[in-house]
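K.L.:
Pasted the sequence and its predicted model underneath.
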Amino acid sequence: MAKDEPWILVAVADAALRRHVRPLLPRLRPTLFAGTVEGARDILRHNPVAAVVADPPLFPPLKLEKRRDLRAVMVFNNAPSLLKTEATTAALVHLDAADARQALQRALAPPVGGSRPAPTCGEMVGASAVMRQVFARIHQIAASDSNVLIQGETGTGKDLAARAIHRYSARCRGPFVIFHGADSPPGLVESRLFGHCRGAFTGAYRDQRGCLEAADGGTVLLDDIDTLDRDLQAKLLRVLQDRQFQRLGSGHLIRIDVRFIAATNRDPVEILNGNALRRDLYYRLNVLPLCLPPLRERGIDVALLTDFFTARWSDRTGMNARPISRAVRRLLADYGWPGNVRELRNTVERLHTFCDTMTSDVQGLREAILSEPPEKAIESLRLERIRFERCLIRRVLTKTAGNYTRAASILGIHRNTLRDKMRAAGLIRPRRVRRPGD
């Protein structure tokens with residue numbers, strides 16, 4: 001069983017039909033079977049499924065048309081049964097057809113380079129084993145209504161994970177509101193969170209709802225939770241406990257029904273030890289933790305995301321993207337991606353805008369799309385030694401205020417040797433050789 005292959009769920013009520021489907025499925029693909037709607041829903045809730053094969057009786061109850069993150073295939077062995085349901089979002093495969101195996105495997109095949117890969121969980125894209133575990137965890141979290149703390153490096157998609165949790169939760173019809181504490185002016189952070197009444201402070205000319213009130217009945221994402229000051233964290237803690245608050249300048253209590261998701265790009269141990277986050281607030285938020293892996297640990301997702309962002313660039317610009325050479329893909333796969341998925345998205349745009357995607361000039365690509373400085377040409381050992389000595393002598397002379405004797409003492413050489421090295425490095429003029437008759 002291939003480690004990073006996307007999983008398949010076969011939801012077929014008839015046991016004989018399940019036996020008919022089994023030999024037609026792609027080999028080396030993780031496959032789970034269910035004979036009831038309840039069993040299929042349980043598998044979808046707890047496993048990283050990427051594609052579903054269902055028969056006409058089970059297809060409608062699963063409501064696969066609402067799961068755009070899944071590849072849906074409806075299988076049947078007679079035309080009349082097909083008429084009992086509307087499967088407009090699914091690929092249709094007649095199991096008695098001569099090409100049934102090929103048709104089913106084409107419908108289940110993950111998108112390849114040059115085509116748009118379907119998001120696997122909400123707007124998140126990934127097929128690696130670690131991301132399939134993340135997607136399964138998101139579905140588990142979505143089934144609950146407890147508070148969530150998402151931790152991950154900058155650019156890993158914490159806001160997309162929060163959106164996915166909201167999308168698959170019972171609150172999906174309610175609002176999803178993001179509160180960026182770090183982006184708010186210091187004097188307006190509390191107002192943007194709780195809202196204010198007219199006259200509460202200078203410039204408050206009318207009543208204003210805050211993020212918490214706007215998220216009533218839905219989900220609020222508290223982004224960069226560790227950037228909030230301690231006083232505001234204490235007020236937020238009371239909201240988490242009592243589910244009520246007051247606008248600035250008002251004595252009226254407002255009750256809310258909100259699910260809280262917090263996010264941070266720092267290690268929880270670090271922010272707790274540094275007192276950036278109150279421990280009681282941390283424990284109140286960290287009921288259901290979710291950790292997003294950096295892109296450098298996601299393996300095959302680099303290629304998958306490259307194709308995904310290429311398709312998005314092509315759609316936005318109206319330009320046809322050229323195929324990407326193996327040399328370029330190898331460069332992208334080997335890069336460390338300190339900015340994670342966000343950096344890859346920007347890199348793909350630079351690649352298609354500035355570069356020849358079929359080129360094999362790897363150094364040129366590093367400079368153009370990865371913003372890496374050009375490598376200096378390696379010169380002879382003598383020239384490299386002189387360059388090093390020039391830098392070192394400059395540092396020592398700066399420290400000694402230009403005193404050659406003290407500089408020579410620090411370097412452990414004679415004063416005359418120091419002057420010779422300075423001449424060789426071009427720091428002082430070379431000694432003039434007197435000629436006869438001068």
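P.N.:
Everything's here; your move.
K.L.:
In stretch 407-426, which residues are buried?
P.N.:
Within stretch 407-426, the residues that qualify as buried by neighbour count (16 or more other C-beta atoms under 10 Å) are 407, 408, 418, 421, 422, 425. Any C-beta I mention is one placed from the backbone N, CA and C, and that applies to glycine too.
K.L.:
meant to ask about stretch 329-346, not that
P.N.:
Applying 16+ other C-beta under 10 Å to stretch 329-346 flags 329, 331, 332, 335, 337, 339, 340, 341, 343, 344, 345 as buried.
K.L.:
which residues sit in contact with the third one?
P.N.:
Contact partners of residue 332, counting by C-beta atoms under 8 Å, 6 or more residues apart in numbering, are 302, 303, 306, 344, 347.
K.L.:
Three-state assignment for it, please.
P.N.:
helix (DSSP: H, G, I helix; E, B strand; the rest coil).
K.L.:
tell me what the strand or helix carrying residue 351 is packed against?
P.N.:
For residue 351, the element it lies in under DSSP states H and E is helix 340-354. Judged by 3 or more C-beta pairs under 8 Å, 6 or more residues apart in numbering; DSSP states H and E, helix 340-354 is in contact with helix 301-317, helix 326-334, helix 362-369.
K.L.:
The second one vs helix 340-354, what angle?
P.N.:
With axes from the mean of the first three to the mean of the last three C-alpha atoms, to 10 degrees as the criterion, the two stretches helix 326-334 and helix 340-354 enclose an angle of 160 degrees.
K.L.:
got the CA coordinates for helix 326-334 in CSV?
P.N.:
Presented in CSV, the C-alpha positions along helix 326-334 are these (Å, rounded to 0.1, in the frame of the first residue of the first chain):
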residue,chain,number,x,y,z
ARG,A,326,12.1,18.1,-14.1
ALA,A,327,15.1,20.4,-13.2
VAL,A,328,12.7,23.1,-11.9
ARG,A,329,10.6,20.6,-10.0
ARG,A,330,13.7,19.1,-8.4
LEU,A,331,14.8,22.6,-7.4
LEU,A,332,11.4,23.3,-5.8
ALA,A,333,11.4,19.9,-4.0
ASP,A,334,14.9,20.5,-2.6
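K.L.:
who touches residue 215 in this structure?
P.N.:
Under the criterion of C-beta under 8 Å, 6+ apart, the neighbours of residue 215 are 174, 175, 176, 177, 256, 258.
K.L.:
Please repeat the previous calculation with a cut-off of 10 Å.
P.N.:
By C-beta atoms under 10 Å, 6 or more residues apart in numbering, the residues touching residue 215 are 166, 171, 174-179, 209, 221, 256-260.
K.L.:
got the phi/psi numbers for it?
P.N.:
phi -90, psi 10 (degrees, to the nearest 10).
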